[in-house]
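Visitor: okay, sequence plus prediction incoming.
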Amino acid sequence: MEGFVRGLSLPILLALFTTFLTTNIVAASDEGEQGDDVRLVVFTVASAETDGYKRFMRSMDTYNLKVEVLGMNQEWRGGDIVRYPGGGYKLNLLKVGLEKYKDEEDTIIMFSDSYDVIFTTGQEEIIKKFKAFNASIVFSAENLLWPDQSVRSEYPVITTGYPYLCSGLYIGYAPYVYKAVTYTDIEDEEDDQLHFTKLYLDKQKREEWPIKLDHLATLFQNLNGARDDVKLRFEGRNSLLHNIKFNTVPICIHGNGPSKLHLNQLGNYLVNMWSQDNGCLGCEEDRIRITDLPNDQLPNVMIAIFIIVPTPFIDEFFQKIRALQYPKNKIDLFINNQKMFHYDVAKNFTEQAKKEYRSVQSYIPADGFSEGEARMKAVEHFLELDCQYYFNVDADVQIVQPYTLKLLIEQNRPILAPLVSRHGKLWTNFWGDLTPDGFYARSEDYLEIVKYKRLGVWNGAHISYIYLIKGDTLREHPPNFVIEGLDPDMAMCRTYREKGVFMYVDNRHDYGHLITTDYYETSHLHSDLWEIYSNRPDWEAKYIHQDYFRQLQDNHEVTQPCPDVYQFPIVTETYAKHLIEEMENYGQWSNGQSEDARLEGGYENVPTRDIHMKQINYEKHWLYFLKEFVAPVAEKVYPGYYSKAYALMNFVVRYRPDEQPTLRPHHDSSTYTINMALNHHNVDYKGGGAHFIRYNCSCIGLPVGYTLMHPGRLTHYHEGLETTWGTRYIMVSFIDP
């Protein structure tokens, strides 16, 4: 505290000291005069029960504050106060509401906007802080002057604090509030803030009544222009907003003007929503339970699937859609594929889906929709269906949580997205904040949320890729995906922000992740093979054998069929199949002669019928594979050796009885060699195998995806046994030559 006081300027210290004295003097003088006889009546104006209104009412209910709501379900006649002056309509409604209180000297009237205000305490604290001002009326204050800049010089000069009146929050004794509202007539579309500004700038009334501004944010905190002045403070179960500029804890927080997103961020914590001790306290509120419902009682859902760009692992995407734990007869599918590259996969899924789901509507690239038009088409289709939820899933999302749909529905939010991110990146489907021009910005808690250090359901600025919208929300507020200059997801989110519909993200579960599509090569037959860099976890899931990682465990002994020859699983059958098909698609097998123009010296001593990895532009990826998956096993089974995992010779060999059935005895030009089986013994071919002559030991019938690893030079002179039927494929690398 001593350090804090030392850091304050003299004007701030004087202001704080004056507030302290006033608080104690007024409290003492008021005790016994008004005391418990004083009552608080809160007024607000709202024409609809928006998400902001519901948040406001939740805060009122939390602190047992009664509020009189004016104008509900009536047409708003106060003009476009978001962009222009207006709001006189509020005062004309309030004038009527105050009639019954205007002569009650012991009644304190408090007015608050509702859509963008949160209360953080109850009546006792409100009255106490108001009385400390020793004023008839106290208005909130802000840094920015609105709407008439010409009156700036007429404001009283203050030494510290927010200088200008804001009419979104004020409090006073009933007779004075009534006089303030009615001192002159105001039209519905005239500006309420200018109305009160003129009253405050009337020096005689200001001093005689008296009228004061809450310069130090003791009662009221307006956030516009004050972002850096406030900071959340966590105290056990409570989360408070601390004005660090004036060392106050305001009790009414107002997201005036363009600061509504900031209020939404703060609202994720305030009023017992989230605390460091208890986590997400508000996550269970309004939750519905559908887990135990019979299937025929579950709500109908339309899943809208969009393939916008060439996307890796599209087969796995569709598998995960099909694996969602939700009855398919309660799901309608809308599928829009915009890329011919995925035509066959999407068509196959669509044809199968028609046999399983309640209905399927699909569009192909030839239909010619832009992304925005396709998304609007999905909304139109939804409105034709009897569905209670709209679930958008872009092909960029790999859903790993099969109960995703049920978990999102149970949370009972107007719009809710499961948090997904790119592997190892901070790129997610959630923006915590926006720049002034409407683009991505990080909120203060963005890293804690996307790194799962704070778990909860978070009101954010932007969502994309995957989200659930309540049917009622979508029907009342259809999204607009086509706004000039904006991507469709940005257009949708702007629509909902402007309509006051909250968009949430849930990070309490591992729902899945985003695929990186930026560098996807589409010139191959099986382009996913090339994704070992960009999407390694998905690549591993698809292509690395499920038992591979056991080989690296200290307590696991790698199989040794011959001396210093090791056998272990490394890739899946899918990998082996795809690699064979890539090679056959390329088709330029060598002729099995020693003269080989592909080699630097132009000569191969022990030639095979093969295709080099370099020929299909896969060598760089293969060398990375050797380093990441082969070298760790080599270093385990050959203790003391450190592998560079480099190889000049990396090739797929094809053995056939009528081409090349055998390979003569030889040493390999390597420190160690791997020989990977790519197809099935006794199914695709018969015979074959490797015979190590010095040890008179043969390895025959290696399972698909398994590899032999053996020393190359000196000790392991070997030969390729005869393939007697069919075609045998193996992948060979001479490592560390």
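Guide: Yes, it's here. Residues are numbered from 1 along each chain as shown.

Visitor: so Pro163 sits against Glu154, correct?
Guide: No - with contact defined as C-beta atoms under 8 Å, Pro163 does not reach Glu154; the gap is 11.4 Å. (Each C-beta comes from the backbone N, C-alpha and C, glycine too.)

Visitor: so those two - more neighbours on which side?
Guide: Of the pair Pro163 and Glu154, Pro163 is the one with more neighbours under other C-beta atoms under 10 Å, namely 17 against 13.

Visitor: now do the contacts for that one.
Guide: By C-beta atoms under 8 Å, 6 or more residues apart in numbering, the contact list for Pro163 reads Ala141, Asn143, Leu145, Tyr155, Leu213, His215.

Visitor: just Tyr641 next, same as before
Guide: Applying C-beta under 8 Å, 6+ apart to Tyr641 gives the contacts Ala634, Glu635, Thr671.

Visitor: report the buried members of those residues.
Guide: A residue is treated as buried here by neighbour count (16 or more other C-beta atoms under 10 Å); on that basis the buried members of those are Ala634, Thr671.

Visitor: of the contacts of Tyr641, which is the nearest to Asp433?
Guide: Distance to Asp433 across those (C-beta to C-beta) is lowest for Glu635, with 46.6 Å.

Visitor: mind checking how far that closest one is from Gln149?
Guide: In this structure, Glu635 and Gln149 are separated by 73 Å, where distance is defined by C-beta to C-beta, to the nearest Å.

Visitor: do the same with Ser167
Guide: When C-beta to C-beta is applied, the distance between Ser167 and Gln149 equals 16 Å.

Visitor: between the two, who's got more neighbours?
Guide: The residue with the greater number of neighbours, taking Ser167 and Gln149 and applying other C-beta under 10 Å, is Ser167; the counts read 22 against 8.

Visitor: let's verify that one: helix, strand, or coil?
Guide: Classification of Ser167 by DSSP: H, G, I helix; E, B strand; the rest coil places it in strand.

Visitor: correct me, but it touches Gln193?
Guide: Yes - shown here, Ser167 and Gln193 form a contact pair, counting by C-beta under 8 Å, at 4.1 Å.

Visitor: got any residues that touch both of those two?
Guide: The contact lists of Ser167 and Gln193 share Gly87, where a contact means C-beta under 8 Å, 6+ apart.

Visitor: check which helix or strand Ile674 maps to.
Guide: Under the criterion of DSSP states H and E, Ile674 resides in strand 672-677.

Visitor: quick one: Ser362 from Thr350, how far?
Guide: Counting by C-beta to C-beta - Ser362 and Thr350 are separated by 5 Å.

Visitor: equivalent analysis for Ala461, please.
Guide: Taken as C-beta to C-beta, the span from Ala461 to Thr350 is 35 Å.

Visitor: again with Met57
Guide: Note on Met57: its distance to Thr350, by C-beta to C-beta, is 45 Å.

Visitor: which one is His509 nearest to, not counting chain neighbours?
Guide: With C-beta to C-beta, 6 or more residues apart in numbering as the measure, Gln401 is the residue that lies nearest to His509, at 5.6 Å, once sequence neighbours are left out.

Visitor: what's around the one you found, how many residues?
Guide: Here the count is done by other C-beta under 10 Å, and Gln401 has 17 residues near it.

Visitor: repeat that for Ile118.
Guide: Applying other C-beta under 10 Å, we find 26 other residues in the vicinity of Ile118.

Visitor: show me what contacts it?
Guide: Ile118 neighbours (C-beta under 8 Å, 6+ apart): Arg55, Phe56, Ser59, Cys252, Ile253, Leu263, Leu266, Gly267, Leu270, Val271.

Visitor: check Glu635 too.
Guide: Taking C-beta under 8 Å, 6+ apart as the criterion, Glu635 is in contact with Tyr641, Tyr642, Ser643.

Visitor: all helices for the stretch 151-300 of the chain, in order.
Guide: 174-182, 192-200, 203-208, 260-267 (DSSP state H, counting those that start in this stretch).

Visitor: for Gln567, find the nearest of the ones you listed.
Guide: Between Gln567 and those, the shortest separation by C-beta to C-beta is 56.3 Å, and it involves helix 260-267.

Visitor: for that closest one, name the packing helices and strands.
Guide: Counting contacts by 3 or more C-beta pairs under 8 Å, 6 or more residues apart in numbering; DSSP states H and E, helix 260-267 is packed against strand 117-119, strand 252-254, strand 433-434, strand 457-460.

Visitor: what about the shortest one, average pLDDT?
Guide: Which is strand 433-434. Over the span of strand 433-434, the pLDDT mean works out to 94.

Visitor: same check on the longest one?
Guide: Confidence for strand 457-460, expressed as mean pLDDT, is 98.

Visitor: who does that strand pair up with?
Guide: Strand 457-460 has the following sheet partners, assigned by DSSP bridges: strand 503-506 (antiparallel).

Visitor: who touches the next helix or strand after the partner strand?
Guide: Beyond strand 503-506 on the C-terminal side, the first helix or strand identified by DSSP H and E is strand 512-514. Residues from elsewhere that reach strand 512-514 (C-beta under 8 Å, 6+ apart): 320, 396-401, 404, 418, 420-423, 427-429, 465-466, 537.

Visitor: those residues in helices, which ones?
Guide: If you go by DSSP state H, the contacts of strand 512-514 have Lys320, Thr404, Pro537 in helices.

Visitor: and which of those is nearest Pro479?
Guide: For those, the residue nearest Pro479 by C-beta to C-beta is Thr404; the value is 20.8 Å.

Visitor: Thr608 and Ile335, how far apart?
Guide: As for Thr608, its distance to Ile335 is 45 Å (criterion: C-beta to C-beta).

Visitor: measure the residue lying closest to Trp725 once chain neighbours are set aside to Gly720 for me?
Guide: Spatially, and ignoring its direct neighbours in sequence, Trp725 is nearest to Lys686 (4.2 Å; C-beta to C-beta, 6+ apart). As for Lys686, its distance to Gly720 is 14 Å (criterion: C-beta to C-beta).

Visitor: hey, where'd the helices end up in the stretch 501-650 of the chain?
Guide: Counting by DSSP H, counting those that start in this stretch, the stretch 501-650 of the chain forms helices over residues 536-543, 573-586, 619-625, 631-637, given from the N-terminal end onward.

Visitor: out of those helices, which gets nearest to His556?
Guide: Going through those one by one, with C-beta to C-beta as the measure, helix 631-637 comes closest at 9.2 Å.

Visitor: only alpha carbons, please: show that closest one as CSV.
Guide: The C-alpha coordinates for helix 631-637 follow below in CSV (Å, rounded to 0.1, in the frame of the first residue of the first chain):
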residue,chain,number,x,y,z
ALA,A,631,16.3,-43.3,-36.2
PRO,A,632,14.8,-43.6,-32.6
VAL,A,633,14.4,-47.3,-33.0
ALA,A,634,17.9,-47.7,-34.5
GLU,A,635,19.4,-45.8,-31.5
LYS,A,636,17.5,-48.1,-29.1
VAL,A,637,18.6,-51.4,-30.7
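
Visitor: okay, buried residues for it please.
Guide: Taking 16+ other C-beta under 10 Å as the basis for neighbour counts, the residues of helix 631-637 that come out buried are Ala631, Val633, Ala634, Lys636, Val637.

Visitor: which ones are touching the closest residue to the third one other than its chain neighbours?
Guide: Read it as Ala634. Using C-beta to C-beta, 6+ apart and skipping the chain neighbours, the partner closest in space to Ala634 is Ser643 (4.9 Å). Going by C-beta under 8 Å, 6+ apart, Ser643 touches Val630, Ala631, Ala634, Glu635, Thr671, Tyr672, Ile735, Asp736.
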